[in-house]
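> Here you go, sequence then predicted model.
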Amino acid sequence: MWGRNQKTLKKEASFSGIGLHSGANISVTLTPANSNSGIIFKRTDLEKNNEVIANFKNVSSAKLCTKIKNDFGASVSTIEHLMAALYICGIDNLVVNLNGPEVPIMDGSAKDFIQIIKNCGLKNLEGKRKFVKIKKKIELKEDEKLINIVPTNNNFEVKFTLNYKKNPLIQTQTNSTNFEEKNLEDIYTARTFCLYEDIEKIKSIGLAKGGSLDNAIVVQGDKVLNEGGLRSKKEFVNHKILDLAGDFMLSGARVIGSVECIHGGHALTNEFLKKIFSDKSNYDIVENESSSINVRKIVPLHKRLAVNA
């Protein structure tokens, strides 16, 4: 599905929207980038030291969203839905120019990002696409939370179980997705969500200043407060799968492996990525040659690859 060569956008694309947590109106321009550039966020409202590389080692906070920061303090938050869209669309290299500290939330899913990317089209680059191929089972547990990954042949699979036993509508949901599939609409259209009784608590810690029924599902008891209800029966767990894919994109290359996650989130995924890359016997960096994966070690060529940092 991904193809042999790295990809970027054919042309620039601009959009704007509200930041979910900051409440700021933010403008974004996606700019094509060369091979081996990776995904770079550039804060155009800052005069210098304004680039932040999308890598899990740069995650500074994972509380209700994923936030990355460079060594000079420049940061960008709520990057996970855009990163998931880049994963799904097969984009390896891009500069995300934005004039504020947060990626706009749009409708709470990756749907708008996917459409913007499709409207632009993709450009094949000369550089070969690289993958992180998992070699053995790796697992991380934190109380009731669990995440593990096992080797697969040439795809990225996710099985996610969401436990919201305190809510009669959400309860326990499980879904599995193979990101090699062509139709991932139920995943990328799944919106972020929260419980009605948690809203004031979230706002009390300075978050969700831009939150509304236009960009998040709000659940009160056994009811969805949004007009039109859910987009799919498993929209809640599907959104967690979307988040996980976006956070895994911070590896710097697509991962070949099968992930199982139980009641995880941004923080657990980030700690898991640290564990994976802490031991080089856990993985190989491989190239995609034609329709098969050529399993041979590649010397990392650029700083976006986690193993090169």
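Arrived safely. Numbers count the residues shown, from 1 in each chain.
> So the residue nearest the centre of the chain, which state does it fall into?
The centre of the chain sits closest to residue 246, judged by CA atoms, centre = their mean, with a distance of 1.0 Å. Of the three states, residue 246 takes helix according to DSSP: H, G, I helix; E, B strand; the rest coil.
> so it touches residue 78, yeah?
No. Using CB atoms under 8 Å, residue 246 is not in contact with residue 78, being 10.0 Å away. Backbone N, C-alpha and C define where each C-beta goes, glycine included.
> can you list residues touching both of these two?
Listed as contacting both residue 246 and residue 78 by CB atoms under 8 Å, 6 or more residues apart in numbering are residue 66.
> Distance check, the residue nearest to the centre of the chain against residue 60.
Distance, residue 246 to residue 60, by CB to CB, to the nearest Å: 16 Å.
> With residue 285 instead?
According to CB to CB, residue 285 and residue 60 sit 26 Å apart.
> which of those two has more neighbours?
residue 285 (21 against 14; other CB atoms under 10 Å).
> Distance check, the more buried one against residue 158.
Going from residue 285 to residue 158 by CB to CB gives 21 Å.
> and what of residue 275?
Residue 275 is 17 Å from residue 158, by CB to CB.
> residue boundaries of the helices in the stretch 201-309 of the chain?
With helices called from DSSP state H, counting those that start in this stretch, the stretch 201-309 of the chain shows them at 235-248, 266-277.
> now these as CSV including mean pLDDT?
Below are those laid out as CSV (pLDDT from 0 to 100):
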stretch, mean pLDDT
helix 235-248, 98
helix 266-277, 98
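> Comparing residue 275 and residue 158, which shows the higher neighbour count?
residue 158 (22 against 15).
> Which strand or helix spans that one?
Assessed by DSSP states H and E, residue 158 sits inside strand 156-164.
> Verify the contact between residue 241 and residue 174 for me.
No. The criterion here is CB under 8 Å, and residue 241 misses it with residue 174 at 10.4 Å.
> list the buried ones in stretch 138-146?
138, 140, 145-146 (16 or more other CB atoms under 10 Å).
> what would those look like in a markdown table with distance to residue 7 and pLDDT?
Below are these laid out as a markdown table (distance: CB to CB, whole Å; pLDDT from 0 to 100):
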| residue | distance to residue 7 | pLDDT |
| --- | --- | --- |
| 138 | 28 | 98 |
| 140 | 31 | 98 |
| 145 | 34 | 96 |
| 146 | 33 | 98 |
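> now residue 119, what's its secondary structure?
The three-state assignment at residue 119 reads helix, by three-state DSSP.
> so what pLDDT did it get?
On pLDDT, residue 119 comes in at 97.
> just checking, it touches residue 12?
No. Residue 119 is not in contact with residue 12 according to CB under 8 Å; the separation is 11.5 Å.
> State the number of residues packed around residue 106.
By the criterion of other CB under 10 Å, residue 106 has 23 neighbours.
> same deal with residue 207?
Using other CB under 10 Å, residue 207 has 19 neighbouring residues.
> and if you look at the one 10 residues further on?
Residues near residue 217, counting by other CB under 10 Å, number 23.
> List the contacts of it.
Applying CB under 8 Å, 6+ apart to residue 217 gives the contacts 108, 191-194, 224, 226, 230, 235-236.
> now do 10 Å
108-109, 170, 190-195, 224-226, 229-231, 235-236, 239 (CB atoms under 10 Å, 6 or more residues apart in numbering).
> Any of those buried? List them.
Those of the contacts of residue 217 that meet the buried threshold are 108-109, 170, 190-195, 224, 226, 230-231, 235-236, 239, by 16+ other CB under 10 Å.
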